[in-house]
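Visitor: below are the sequence and a predicted model; questions follow.
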Amino acid sequence: MAREEITHGITRASGREVIEMSIPGSVDLVVLARFTAATIGVRADFDLDEIDDLRLAVDELSVSFGPVDLETRLRYEFQRDGDTVHVRCTREPSADDGGAGHSERDIAEWQQARELSAQLLDELVTAHGREIANGRSIAWLMKQRGRAAG
Amino acid sequence: MDQRTSSPSTPASPGLSLPTLEVAGELDLAAAPWLRDQIDALFVGGADSIVVDLSDATFLDSTALGVLVSALNRSRELGGRVHLIVREPQILRVLSITGLDDQFDVHKDRSTLDTGKDPR
C-alpha cells in the first residue's frame, strides 16, 4: 500500500483518479471499455462479482445509445473516488444519429436490448441515468463497493 | 470473436437431435449479428425448437440477449422452445435479473435435454 502511494500518489481504497478514453463507434472496440472498467474496479477494491457487474454495466452504457458507426465516437470518463466508481459515456454525434442504414429488425432488436439494458443497470449499479449536454447524449453510472442497486 | 464456434447439430444424445448452436467467448455488441445469423440458420431446416449451448460463453450483454429473445419469440410462434445450456454464473445472473430464466429452458448441461427436466 505504501508503494502504491509512492508510485501513484494514491492508495487503492482512497484517493481519486480519472481515466479518459475515446474510441470510434466500432463494436469490437467496446471490449476496451470493459477492460478499463475491470481495472478500475480492482483499484476500488471491488470483489470479483462486483467487477463482473461493473464490466457488464459499462458495456450496457455503451450499447444504450443504439446503433453506432465508425463516424460516431464514444468517449468515456472513468472516475474512481475511494471505493466508488463513476463512469460517463458520451456519444459524439454523427451524421447518422437516426440509425439510418439499419434494418427494421436491427432497430426492433435494439429497442428490445435497450429495455433489457435498463433492467440490468437497475440491478448492477448503485445509480445510473442519461442526459443531454451540449447536444451530446450521455449515459452514466455510479457503483459503490458493497452496494448494488440503490 | 475468434473463440466463437458453432455446430449445427450433434447426435450425441436424444436431446441433442435438436438443432444446436455451440457458442464460446464473449457475446456482446460485436457478436450479436453473428449470433443472429447462426440462430437463423438453425431455423432454416424447419425446426421449431433449438438448443443454444452457452457452456463456454463467458459474457452476455443485452444486445446478445435480445437476439436470444428474438429466437425465443420465433420458436414460440412455431410451437417450440429454446433450450439454453449455461454454466457461467454471470450469464445466469443476467437471465435472472431480466426474468428470462423462466422463459427459456435453462439447463446446467446437456444431460437434462434428454428428459426435459430442469435440475435447477
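Guide: The structure has been received and is ready for your questions.
Visitor: okay, CA-based contacts and neighbour counts for the rest of this
Guide: Will do.
Visitor: chain B against chain A: which residues are in contact?
Guide: Contact residues (Cα under 8 Å from any Cα of the partner chain) of chain B with chain A: B:29-30, B:61-63, B:65-67, B:70, B:90, B:94, B:97-98.
Visitor: of those residues, just say which sits nearest to residue B:109.
Guide: The nearest member of these to residue B:109, counting by Cα to Cα, is residue B:90 at 16.1 Å.
Visitor: surely that closest one is in a helix?
Guide: Yes. According to DSSP: H, G, I helix; E, B strand; the rest coil, residue B:90 belongs to a helix.
Visitor: check it and give its pLDDT.
Guide: For residue B:90, the pLDDT comes out at 95.
Visitor: also residue A:88?
Guide: For residue A:88, the predicted pLDDT is 97.
Visitor: what's the answer for the one 3 residues further on, then?
Guide: In the prediction, the pLDDT value recorded for residue A:91 is 91.
Visitor: got it, and residue A:94?
Guide: For residue A:94, the pLDDT comes out at 58.
Visitor: mind checking the longest helix of chain B?
Guide: helix B:62-77 (DSSP state H).
Visitor: and the contacts of that helix?
Guide: A:60, A:63, A:109-110, A:112-114, A:116-117, B:27-29, B:31-32, B:35-36, B:39, B:48-50, B:81-82, B:104 (Cα atoms under 8 Å, 6 or more residues apart in numbering or on different chains).
Visitor: ok, which pair from the residues of chain B next to chain A is furthest apart?
Guide: It's B:30 and B:97 that sit farthest apart of these, by Cα to Cα, at 22.3 Å.
Visitor: so residue B:29, which state does it fall into?
Guide: Residue B:29 ends up coil, using three-state DSSP.
Visitor: neighbours of it, how many?
Guide: 25 (other Cα atoms under 10 Å in any protein chain shown).
Visitor: go on, residue B:44?
Guide: 9.
Visitor: pLDDT value on it, please?
Guide: 90.
Visitor: geometric centre of chain B: which residue is closest?
Guide: residue B:52 (2.4 Å; Cα atoms, centre = their mean).
Visitor: isn't it right up against residue B:21?
Guide: Yes. Contact criterion Cα atoms under 8 Å: residue B:52 and residue B:21 qualify, at 4.8 Å.
Visitor: picking that back up, which stretch of helix or strand covers the residue nearest to the centre of chain B?
Guide: Element membership of residue B:52, judged by DSSP states H and E, is strand B:50-60.
Visitor: dihedrals phi and psi, residue A:16?
Guide: Per-residue torsions, residue A:16: phi -140, psi 140 (degrees, to the nearest 10).
Visitor: tell me the angle the longest helix of chain B makes with strand B:50-60.
Guide: With axes from the mean of the first three to the mean of the last three Cα atoms, to 10 degrees applied, the angle from helix B:62-77 to strand B:50-60 works out at 170 degrees.
Visitor: what average pLDDT does helix B:62-77 get?
Guide: Mean predicted confidence for helix B:62-77 is 95.
Visitor: by contact count, what packs against the helix or strand following that helix?
Guide: From helix B:62-77 onward toward the C-terminus, using DSSP H and E, the following helix or strand is strand B:82-85. Here strand B:82-85 touches strand B:50-60, helix B:62-77, strand B:105-107, going by 3 or more Cα pairs under 8 Å, 6 or more residues apart in numbering or on different chains; DSSP states H and E.
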